[in-house]
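A.B. asks: build me a model:
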Amino acid sequence: MVIFRTKLSIFTIIFLTLVTLFHTIGHSDERYKALKDFEEVLKIIREQYVDEVEDKKLIESAINGVLNSLDPYSTFLSEEEYENIKSSTKGEFGGIGATLNMDQGFVKIISSYKAWPAYKAGVKPGDIIVMINDEQISGISLDQVMDKLKGEAGSQVKLKIYREPGEIKEFIITREIIKITPTKVLLYPQDKVIYAKVSTFNDKTSITLKAELQKIMDSTDDIKGIILDLRDNPGGTFDQAIEVSRLFLSKEKIVSLKNRYGNDEVIYSANGSNIAKNISMVVLINSASASSSEIVAGALQDNQRALIMGEKSFCKGVVQNIIPFSNGSAIKLTTAKFYTPLGKSIQEHCIVPDIEVIDTVNKPVASHSGVNNLRDFVKKQPGGNDINHDYPLQRAIDLVKGISLYASGKVKIGKPINDK
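C.D. replies: The predicted structure is shown next:
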């Protein structure tokens, strides 16, 4: 996430909103007519709407309407919503503890971890949120939904959800401080394979991942490979996607940003900080791997640093700049698209795995790759992480071991043996 610090007044916001509106209209007289229409609508609402509405709310709604008409990600952020976004990137906030995604216009629960409020209240992966605190959420952005779910620890939020095959359920959930552990790194000693789960890209992700990987690599000889698990990772800050990619690349190109005219605005490359040289890699992704996850997977795939295994990614390849204003609010505006090192648009083409593996066993339930589930497995299995119920992870271990064996020269692929 790229943030520009710009201080503007609410009146400037109104002006920019109207300018944006008028630039979508052809001639000056049409712009003038649109301005008069806008003014007349405000006048009618003030005089005739059944309830009194503050001018500030009307203006903010107008701004939001302009932004929401552009794409699913551009939106207006109230002062509270903006503060919630800043706190979530720091890895700690009050909330219900669930991962969400927008699926064909519906807000769907992707995962809810056992230690957190949503799971304890009975919310399940696959549930579709219909109402929050008796308010319809159709037509608002995913960020706005997440902001409504966040709040002070100890406060309550009411959810109405739709659950297949046709149930409507209500939950009252007490928010807690959600401390996000961005990474969890384990060693499978019997396989000499490192498993690195990255759950989100917040301010602590790259430094935590580097320290945990380095600790295992320094204490273990003959490591066969690394599995980087980006499943169910909705993304996070852009700079952390770059820093995580640099842990596995040397001087290669990572990603480029292109503006509306198709020009390269910025090209990001590795800087020689590769800590895992000569170690084979497999990256796990699924349909909930989005944004920063797609940047990392695309960089490692295009540079032939890792094989990608799993399912086609979410396809969120756009840059949002958060532009704050002097009154504490902000707008999130899409200004560019991500392109992989080979020039593929993530937004248009997604990240397609080299080897497709569908997790049919775990689809109806919470992913076993989640950090808290991972901890549960570790407690149950003194020797390491229980992978018996994680089919893609089993296949990834087999694959990375095979790559390592082939690279060692102990196995050669060539002409078949002649038995004659």
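A.B. asks: and Thr334, how many neighbours?
C.D. replies: Applying other Cβ atoms under 10 Å, we find 18 residues neighbouring Thr334. Glycine gets a C-beta too; all of them are placed from N, C-alpha and C.
A.B. asks: likewise the one 3 residues further on?
C.D. replies: Other residues near Lys337 number 19, with proximity taken as other Cβ under 10 Å.
A.B. asks: care to break this structure down by domain?
C.D. replies: Following the assignment in automatic domain parsing, the chain carries domains at 2-69, 92-179, 183-407.
A.B. asks: and Gln190, what pLDDT?
C.D. replies: Here, the pLDDT recorded for Gln190 equals 91.
A.B. asks: circling back to that earlier point, of the domains of the chain, flag the one that's most buried.
C.D. replies: Ranked by mean neighbour count, the domains of the chain are led by domain 183-407 with a mean of 19 (mean count of other Cβ atoms under 10 Å).
A.B. asks: so where's the stretch 151-300 of the chain uncertain?
C.D. replies: Applying pLDDT under 70 to the stretch 151-300 of the chain flags the ranges 262-264.
A.B. asks: rebuild the domains of the chain as CSV, extending it with distance to Glu83.
C.D. replies: As requested, the domains of the chain are exported to CSV (distance: least, Cβ to Cβ, whole Å):
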stretch, distance to Glu83
domain 2-69, 14
domain 92-179, 9
domain 183-407, 8
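A.B. asks: which strand is the longest one in this structure?
C.D. replies: Using DSSP state E, we find that the single longest strand of the chain is strand 330-339.
A.B. asks: give me the mean pLDDT for that strand.
C.D. replies: The average pLDDT within strand 330-339 is 90.
A.B. asks: Met309 belongs to a strand?
C.D. replies: Yes: per DSSP: H, G, I helix; E, B strand; the rest coil, Met309 lies within a strand segment.
A.B. asks: so it touches Val357, yeah?
C.D. replies: Yes: if you go by Cβ atoms under 8 Å, Met309 and Val357 touch, sitting 5.5 Å apart.
A.B. asks: ok, back up a step: same for the longest strand of the chain, what does it pack against?
C.D. replies: Judged by 3 or more Cβ pairs under 8 Å, 6 or more residues apart in numbering; DSSP states H and E, the packing partners of strand 330-339 are helix 55-68, strand 75-77, strand 253-258, helix 292-302, strand 318-324, helix 346-349.
A.B. asks: 7 Å instead?
C.D. replies: Helices and strands touching strand 330-339, by 3 or more Cβ pairs under 7 Å, 6 or more residues apart in numbering; DSSP states H and E, are strand 75-77, strand 253-258, strand 318-324.
A.B. asks: any chance of the ones you listed in a markdown table, plus distance to Val130?
C.D. replies: Output for these, formatted as a markdown table (distance: least, Cβ to Cβ, whole Å):
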| stretch | distance to Val130 |
| --- | --- |
| strand 75-77 | 20 |
| strand 253-258 | 36 |
| strand 318-324 | 26 |
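A.B. asks: so which of the ones you listed comes closest to Asp302?
C.D. replies: strand 253-258 (8.1 Å; Cβ to Cβ).
A.B. asks: could you give the angle of the closest one to strand 318-324?
C.D. replies: Counting by axes from the mean of the first three to the mean of the last three Cα atoms, to 10 degrees, strand 253-258 lies at 70 degrees to strand 318-324.
A.B. asks: check which helix or strand the spatially closest residue to Val145 that is not a sequence neighbour maps to.
C.D. replies: Nearest non-adjacent residue to Val145, counting by Cβ to Cβ, 6 or more residues apart in numbering: Val107, 5.1 Å away. Assigned by DSSP states H and E, Val107 falls within strand 106-112.
A.B. asks: what mean pLDDT does the helix or strand just after that strand get?
C.D. replies: The helix or strand immediately downstream of strand 106-112 is helix 117-121, counting by DSSP H and E. The pLDDT scores in helix 117-121 average 92.
A.B. asks: cool, stretch 357-373 as well?
C.D. replies: 48.
A.B. asks: what's near enough to touch Leu209?
C.D. replies: Contacts for Leu209 (Cβ atoms under 7 Å, 6 or more residues apart in numbering) come out as 183, 196, 198, 244, 247.
A.B. asks: what does Asn271 give?
C.D. replies: The contact partners of Asn271, by Cβ under 7 Å, 6+ apart, come to Arg246.
A.B. asks: change it to 8 Å
C.D. replies: For Asn271, the contact set (Cβ atoms under 8 Å, 6 or more residues apart in numbering) comprises 246, 251.
A.B. asks: quick one: it is in a helix?
C.D. replies: No: looking at Asn271 with three-state DSSP, it is coil, so not inside a helix.
A.B. asks: that one and Leu77: what is the separation?
C.D. replies: Per Cβ to Cβ, to the nearest Å, Asn271 is found 32 Å from Leu77.
A.B. asks: one step back: how far out from the middle of the chain is the strand holding Val107?
C.D. replies: 13 Å (Cα atoms, centre = their mean, to the nearest Å).
A.B. asks: which element is Tyr36 on?
C.D. replies: Small correction: residue 36 is Lys, not Tyr. Using DSSP H and E, Lys36 sits within helix 28-48.
A.B. asks: can you give me the angle that helix makes with helix 55-68?
C.D. replies: For helix 28-48 against helix 55-68, the angle between stretch directions is 140 degrees (the same axes, to 10 degrees).
A.B. asks: per-residue confidence averaged over helix 28-48?
C.D. replies: Averaging pLDDT along helix 28-48 gives 81.
A.B. asks: on contacts alone, who are the packing partners of that helix?
C.D. replies: Packing contacts for helix 28-48, counted by 3+ Cβ pairs under 8 Å, 6+ apart, involve helix 10-23, helix 55-68.
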